[in-house]
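Undergrad: when you get a sec, could you give me coordinates for this:
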Amino acid sequence: MNRSIEFLEAIDGVWRTPIPAEVMARARRSLLDYLAVTCAGAAFQKEKLGKYWEFAEPEEGSFRAIGTGKDLVLKEAVFLNGLNAHALDFDDGTNSGIIHLGSPIFSLLLPLAQRYGKSVDEVLKAAVTGYEASYTMAVSIQPGHKAMGYHATGTCGTLGATLAAAYMLGFSDEERFHAFASACVAASGMLKVLDDGSELKPYNVAKTALLSLTALQLGKSGFKGHADPLGGRGFFKMMTGKENVELKPVLLNGTYAIMKSYTKPYASCRYTHPAVEAAIHLRPSVKASDVKEIDIRTYDLAVSGHDHTEIPGRYSAKMSIPYATAAGLIYGKAGLQEFTEEAVKREEIVALTKKIHVSSDDALSAVFPGIQAAVVTIKTKNGEYTDRVDFPKGEPENPLTDEEFRSRYDGLMEYAGVLPSVSGEVYDTVYKENATIEELVKKL
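TA: Prediction:
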C-alpha cells in the first residue's frame, strides 16, 4: 500500500473522531504552556531580538509575534513564534518520540487562526491532530533517526504542523495531500545545534513552523507532490536510511499523543531531569562543599551531547546533565534563574559541575523509553548517598498538579514582564466559551 496514504488515512481518522473532554482539557493546558514559554523565551532572547529588528527590519502587519508586543506580517510572526517558543528549551515533548510537539504546531496555528478568525477550540482540535501526526511519525522512526543526527522536532514536526493547519483551514483532501508532500520535501533538523555552545536549537523550531507555512501555501496553490512522498526514496529513506519502516498506529497504546507529553518543571533539556530531581531529593543530606565526586548513570541516548562539564554559556548549560544536576543540588531547583549568563559563571556551580561524571547504563538503556531513569550517587567526605528517579515531575506518569502548573505559568509570565492582570486574562480566555484567538494573542 502507498505508505503516505496509509499514514494520512490514519491521521484523518483522528481528525474525524470526537475528541474526549479530558484530551481537550490537556490541550488547553498545552496552549497555556506554549504561550507562557514563548513569552518568557522572547524575554530571554531580548538582546538578540533587538539586533534582529535592527538588521532584518521585519515588516509590520496584523499578526502577533507572541511575547514581543509586535504585529508583523504572517511569515515573520510564524518564524519568531517558533524562535521564541524553543529558546528556553522549556516547551513540551515526549520521550518515546524524542520530539518537542507543541512549539512548531502552535507557532503556525496561532497567526493563521488570527488571519482566518478561528476560535480557541478550533485551534485546539487542530493541535490535537497535529500532535498525533508528529508523534506517530517520530515514534515510528526513532531512535535510529536521532542516531543519524536528526532533530525530530524539525523533521517530523514539519509534517504535524502542516497537517494541523491544513485541517484547521478546511483544505480539501487533495490540497492537504500536496501540502503534506511539500512538507516531506522541506523537513529538516540538525542535532548538531546542541553542541559546543551553539545557540541555534530554537532555529529548528522557527524554520519548522515557517516551512510548514510554505508547504501549506504550495498545497493550496495546486503544486502537486509525489504520489508517495514517504515511500521509495522519500521521507523514510532520507530520515532513516531504509525504506521498510513500520508505521506505528495512531493513538498508540490507547492514548492521544498530547496525553503522552510532558510539562517541564526544570528549565533544561528533558534528558537532565531525572538527575536534577535525584539531586534535589539528596540535597537535605548533602552539602555541595562536601562533595568529592558525583556519578550519574542513565540511558545511553541521554549521554551523548549532554555530558559536558565545560559550560561556555546559558545555552550550553541547558543541555548539560552535570550543570543542571549541580544546580539542583546547590539551589534545590533548576528554574530560569539558574540558567542565566550570570548563574553559569558562579564559582561554586562551576566547581561542582566539574566533579560530575555521566555514563550510560545498559539496564537503564534497556527500559527506555518506557522508563526514563537516572541513578545519582554522591560521594562526600562523610559517605555516599544514592537516589534513583524513573519518572521526574511533569511526566504523564507524574504530572504537575493544577496548582503546580498555575505556579509555573505565573512564574514564566512574570519572567516575561507580563502584568499579573494580563496573564490572568490570558489564562481565563483559554477557558472562555467561544473565545477567539484574536482576543487571546492581542494581550501578548
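Undergrad: okay, CA-based contacts and neighbour counts for the rest of this
TA: Noted.
Undergrad: any idea which residue sits dead centre in this structure?
TA: With distances taken as C-alpha atoms, centre = their mean, the residue of the chain nearest its centroid is residue 100 (2.9 Å).
Undergrad: how about that residue, what does it touch?
TA: Contacts here follow C-alpha atoms under 8 Å, 6 or more residues apart in numbering; on that basis residue 100 touches 91, 92, 93, 94, 152, 153, 157.
Undergrad: quick one: it and residue 411, what's the gap?
TA: Here the criterion is C-alpha to C-alpha, to the nearest Å. By it, residue 100 lies 21 Å from residue 411.
Undergrad: and for residue 441?
TA: In terms of C-alpha to C-alpha, residue 441 sits 19 Å off from residue 411.
Undergrad: ok, now residue 327?
TA: Using C-alpha to C-alpha, we find residue 327 at a distance of 18 Å from residue 411.
Undergrad: quick check: which element contains residue 206?
TA: Assigned by DSSP states H and E, residue 206 falls within helix 201-221.
Undergrad: check which residues of that helix are buried.
TA: Applying a neighbour-count criterion of 16 or more other C-alpha atoms under 10 Å, one finds 201-220 buried in helix 201-221.
Undergrad: ok now the helix or strand hosting residue 33, how far from the chain's centre?
TA: Using DSSP H and E, residue 33 sits in helix 21-44. Distance, stretch centre to chain centre, for helix 21-44: 11 Å (C-alpha atoms, centre = their mean, to the nearest Å).
Undergrad: next structured bit after it?
TA: Later in the chain than helix 21-44, the nearest helix or strand by DSSP H and E is helix 46-56.
Undergrad: mind listing the strands in the protein by residue range?
TA: For the chain, the strands defined by DSSP state E occupy 60-65, 70-72, 291-298, 356-360, 374-380, 383-389.
Undergrad: in its sheet, what does the last one sit against?
TA: Looking back up the chat, that one is strand 383-389. strand 374-380 (antiparallel) (DSSP bridges).
Undergrad: and the strand it pairs with, what's its mean pLDDT?
TA: What strand 374-380 shows for mean pLDDT is 97.
Undergrad: flag every buried residue along stretch 354-362.
TA: Under 16+ other C-alpha under 10 Å, the buried positions of stretch 354-362 are 354, 355, 356, 357, 358, 359, 360, 361.
Undergrad: the second one contacts residue 293, correct?
TA: Pointing back at residue 355 there. Yes: counting by C-alpha atoms under 8 Å, residue 293 is a contact partner of residue 355 at 4.9 Å.
Undergrad: and the residue located most distally from the centre of the chain, what is it in contact with?
TA: Using C-alpha atoms, centre = their mean, the residue of the chain lying farthest from its centre is residue 382. It sits 40.3 Å away. Contact analysis of residue 382 by C-alpha under 8 Å, 6+ apart lists residue 290.
Undergrad: related to what we said a few turns ago, against residue 104, how distant is the closest residue to the residue nearest to the centre of the chain other than its chain neighbours?
TA: In space, and not counting its chain neighbours, residue 100 is closest to residue 93: 3.9 Å by C-alpha to C-alpha, 6 or more residues apart in numbering. Using C-alpha to C-alpha, residue 93 is found at 11 Å from residue 104.
Undergrad: repeat for residue 3
TA: Separation of residue 3 from residue 104 (C-alpha to C-alpha): 24 Å.
Undergrad: those two: which has the busier surroundings?
TA: Between residue 3 and residue 104, residue 104 has the larger neighbour count (other C-alpha atoms under 10 Å), namely 35 against 19.
Undergrad: spit out the contact partners of the more buried one.
TA: Contacts for residue 104 (C-alpha under 8 Å, 6+ apart) come out as 82, 153, 157, 158, 161, 205, 206, 208, 209.
Undergrad: how does it look with 6 Å?
TA: When contacts are counted by C-alpha atoms under 6 Å, 6 or more residues apart in numbering, residue 104 touches 82, 205, 209.
Undergrad: next: residue 29.
TA: Residues near residue 29 by C-alpha under 6 Å, 6+ apart: none.
Undergrad: how about the helices in the stretch 51-200 of the chain?
TA: Taking DSSP state H, counting those that start in this stretch as the test, the helices found in the stretch 51-200 of the chain are 74-85, 102-116, 120-141, 144-147, 152-168, 173-186.
Undergrad: so which of those helices comes closest to residue 318?
TA: Of all the helices of the stretch 51-200 of the chain, it is helix 74-85 that lies closest to residue 318, at 14.9 Å by C-alpha to C-alpha.
Undergrad: can you pull the buried residues of the helix holding residue 33?
TA: 23-24, 26-44.
Undergrad: and what of stretch 7-26?
TA: Of the residues in stretch 7-26, 7, 8, 10, 11, 14, 15, 23, 24, 26 count as buried by neighbour count, 16+ other C-alpha under 10 Å.
Undergrad: kindly reformat the residues you listed as TSV and extend each row with pLDDT and distance to residue 424.
TA: Shown next, in TSV, are these (pLDDT from 0 to 100; distance: C-alpha to C-alpha, whole Å):
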residue	pLDDT	distance to residue 424
7	98	40
8	98	38
10	98	38
11	98	35
14	98	32
15	98	31
23	98	23
24	98	20
26	98	18
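Undergrad: could you measure from residue 139 over to residue 326?
TA: Counting by C-alpha to C-alpha, the gap from residue 139 to residue 326 is 32 Å.
Undergrad: kindly apply the preceding question to residue 341 instead.
TA: According to C-alpha to C-alpha, residue 341 stands 16 Å off from residue 326.
Undergrad: now residue 342
TA: Counting by C-alpha to C-alpha, the gap from residue 342 to residue 326 is 15 Å.
Undergrad: next one: residue 12
TA: 46 Å.
Undergrad: quick one: which of residue 139 and residue 326 has more around it?
TA: Per other C-alpha under 10 Å, whichever of residue 139 and residue 326 has more neighbours is residue 326, with 29 against 23.
Undergrad: residues touching the more buried one, list them.
TA: With contact taken as C-alpha under 6 Å, 6+ apart, residue 326 is in contact with residue 353.
Undergrad: re earlier: right, and the residue nearest to residue 100 touches residue 102 too?
TA: No: Residue 93 lies out of contact with residue 102 (C-alpha atoms under 6 Å); the separation is 7.2 Å.
Undergrad: higher neighbour count, these two?
TA: residue 102 (31 against 25).
Undergrad: next up, the contacts around the nearest residue to the more buried one once chain neighbours are set aside.
TA: Excluding the flanking residues, the one nearest residue 102 by C-alpha to C-alpha, 6+ apart is residue 92, at 6.2 Å. By C-alpha under 6 Å, 6+ apart, the contact list for residue 92 reads 100, 262, 263.
Undergrad: okay then, goodbye and thanks.
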